[in-house]
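J.: Just need the structure, nothing else, for what follows:
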Amino acid sequence: MYPYSSDKAAHQARRLLRTASRVLGTVDPSGPVTGLLDGALPMPPGDPTYRSRHAFEPRFSETASGSLAFSCQVPENGPGGSGGVSAASQEVRHLLGSNFGRQALLWFDRNSDRAQSVAAGDDSATVVSAFDRDGFREAQVTYLWGPWFTDGLPEMARRVGETVMTTVPGAQPAFTTIRAARQSGSQSMTFRLGAELPLAALAPMMDQLGLGPQHQSLMTAVAFALGARYTLPAQSSLLTFRPMRHGIEMRLDVDLEQVPDLPANIADLLALELSERPRSLRALEQWVAAFSPEGDESPGSLSVLSVTVRPDMPARLSLHIRPRVVSNPTAVPAPEPVLVGSGAPHGVASTAGWR
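T.: This next block holds a predicted model:
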C-alpha cells in the first residue's frame, strides 16, 4: 500500500482539474478519476519518483479542442498491492461501466483480456481520460507490447506493422492502446524509434500506408516547432498507428525532454504555427489559461509534442505538459477561477514565454 500523505500530489491534481473544467466549460472530472489520481500520484508534489515517468499530464489536442484530457501513468506497484496493469484496467472499467454501460464494458474486456492476463506483474500502464461539456468522453489505456498482441493482430494491422518495421530505421514495437469513446472503440499500436530519425525518412512508409500526401505537412509542423530541426534524436520519438474507417491515422510523438537545444521561444513558434488556424490558437490560449496558476502565464513545462495526420487531414498538433503540481514541491493549489461574461476566463493567458 502507498504511504499516505495529506498533501499528496493527487489532491492538488484534483483541484487543478476542477479549476480547469470551470474555465474550459467541461464537466468536473475530479470526482470520477479520484482512484486513478490516487494510484498515479500517491506522493507529495515534486517527489523524485515523478521525474522518471509521465505521472500526470494534461493534454491539448487540435482535433478535440473542446475537451479536458489528461494522462496518468499507474506505476508498477499499483494501489492496494496490485500491478499497474491491473489497477489501470480496473479504473478504465469503472469509467466505462459508469458512463457507457454494459456493451462498452464487454467490448473493453474482450479487447484487453489478453493484455491483463499475460502482462507481467511489474508492468506499468497509462490511462488517458477525456471529458467535455456533455460529460465523460473517452478513455484509453496503454499497455507494453507483448507476444499476446502480435499473435492476435488482424491482417490489416499486421501489414501496417510489417511496413513500419521494414521502412523506418530503428522502429521496434513498444505499446498497444485500447480506446473506448461514446460511439466507438479502437486499438492502436506504437513503435519506439531507437535510431535517429530524419523526418524525410518517413516518406516511403507514409506512401505505402496512403499517407504520402501528408508527409510534407507533418515534416513542416515538427521542424517549425523545433526550430528548423529535421532530424530527431534516437529514443526521442514514438509512432502510433490507428486503423480508422477511411484509412490509417498516424501520430508522431516527440519527447521534448529528450531533445537537446530546444528553441527558447518554442511557445511562440507553436502559437505562430497555429495562427493559420485561429480557432485552434484560441483553444490553445484558453487551455493554457485553464491550467496556469493565478498570475502565471505558464501551466508548467512542455513534455511531449505530437503531430497527427490522416488521409483526409494534414498535420494537427497536440501538446502534453508536466504541471507544477507534479514537478514543483512548493506548488500552490490552483485558486477558484474568476469567470466573466459567457464563462470565459478573465484575462486569457498568452502562450508567449511559455515553455
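
J.: all helices of the stretch 201-350 of the chain, in order?
T.: Using DSSP state H, counting those that start in this stretch, the helices assigned to the stretch 201-350 of the chain run over residues 203-208, 215-225, 266-274, 278-291, 324-327.

J.: tell me the average confidence for the third one?
T.: This means helix 266-274. In this model, helix 266-274 has an average pLDDT of 92.

J.: Only the buried residues of it, if you could.
T.: Neighbour-count burial for helix 266-274 flags 266, 267, 268, 269, 270, 271, 273, 274 (criterion: 16 or more other Cβ atoms under 10 Å). Any C-beta I mention is one placed from the backbone N, CA and C, and that applies to glycine too.

J.: And that helix, what does it pack against?
T.: Other helices and strands packing on helix 266-274, by 3 or more Cβ pairs under 8 Å, 6 or more residues apart in numbering; DSSP states H and E, are helix 215-225, helix 278-291, strand 313-323.

J.: any idea how far that helix is from the chain center?
T.: 19 Å (Cα atoms, centre = their mean, to the nearest Å).

J.: what about the strands in the stretch 151-300 of the chain?
T.: Shown for the stretch 151-300 of the chain, the strands assigned by DSSP state E, counting those that start in this stretch span residues 171-181, 185-193, 197-198, 231-232, 237-244, 247-255, 300-310.

J.: Relative to the first one, what are the paired strands and their orientations?
T.: Going back to what we said before, that points to strand 171-181. Looking at strand 171-181 with DSSP bridges, its partner strands are strand 135-144 (antiparallel), strand 185-193 (antiparallel).

J.: how big is the angle separating that strand from strand 237-244?
T.: Per axes from the mean of the first three to the mean of the last three Cα atoms, to 10 degrees, the angle that strand 171-181 makes with strand 237-244 is 50 degrees.

J.: quick revisit: need the strands paired with strand 171-181 in CSV (columns: mean pLDDT and distance to residue 220).
T.: What follows is those, written out as CSV (pLDDT from 0 to 100; distance: least, Cβ to Cβ, whole Å):
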stretch, mean pLDDT, distance to residue 220
strand 135-144, 92, 28
strand 185-193, 92, 19
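
J.: Just say which of those strands is most tucked in.
T.: Comparing the strands paired with strand 171-181 by mean neighbour count (mean count of other Cβ atoms under 10 Å), strand 135-144 comes out on top with a mean of 22.

J.: List the neighbours of it that are in contact with it.
T.: Strand 135-144 has contacts (Cβ atoms under 8 Å, 6 or more residues apart in numbering) with 27, 29, 32, 64, 67, 69, 85, 88-89, 92, 95-96, 98-100, 112, 115, 119-120, 123-131, 149, 174-182, 190.

J.: Take these and keep only those in strands.
T.: 69, 125-131, 174-181, 190 (DSSP state E).

J.: Now a ChimeraX select for only the buried ones of the residues you listed.
T.: The ChimeraX command for the buried members of these (criterion: 16+ other Cβ under 10 Å) is given here:
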select :69,125,126,127,128,129,130,131,174,175,176,177,178,179,180,190
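
J.: shaky segments in the chain?
T.: 1-6, 77-83, 115-122, 146-153, 295-297, 329-355 (pLDDT under 70).

J.: if you set the cut-off to 50 instead, what comes out?
T.: 1-6, 332-353 (pLDDT under 50).

J.: CSV for the helices and strands packed on helix 266-274, including distance to residue 301 and mean neighbour count?
T.: Formatted as CSV, the helices and strands packed on helix 266-274 follow (distance: least, Cβ to Cβ, whole Å; neighbours: other Cβ atoms under 10 Å):
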stretch, distance to residue 301, mean neighbour count
helix 215-225, 15, 19
helix 278-291, 12, 20
strand 313-323, 5, 22
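
J.: Out of those, which gets nearest to residue 105?
T.: Ranking the helices and strands packed on helix 266-274 by their distance to residue 105 (criterion: Cβ to Cβ) puts strand 313-323 first, at 27.5 Å.

J.: The closest one pairs with which strands, parallel or anti?
T.: strand 56-61 (antiparallel), strand 300-310 (antiparallel).

J.: quick one, which of these is nearest to residue 286?
T.: That would be strand 56-61 among the strands paired with strand 313-323, by Cβ to Cβ, at 9.6 Å.

J.: rewinding a little: highest average neighbour count across the strands paired with strand 313-323?
T.: Highest mean neighbour count among the strands paired with strand 313-323 (mean count of other Cβ under 10 Å): strand 56-61, a mean of 23.

J.: Contacts for that strand, please.
T.: For strand 56-61, the external contacting residues (Cβ under 8 Å, 6+ apart) are 9, 13, 16, 20, 37, 40-41, 50, 67-73, 128, 283-284, 287, 291, 299, 303-304, 306, 308, 316-323, 325-326.
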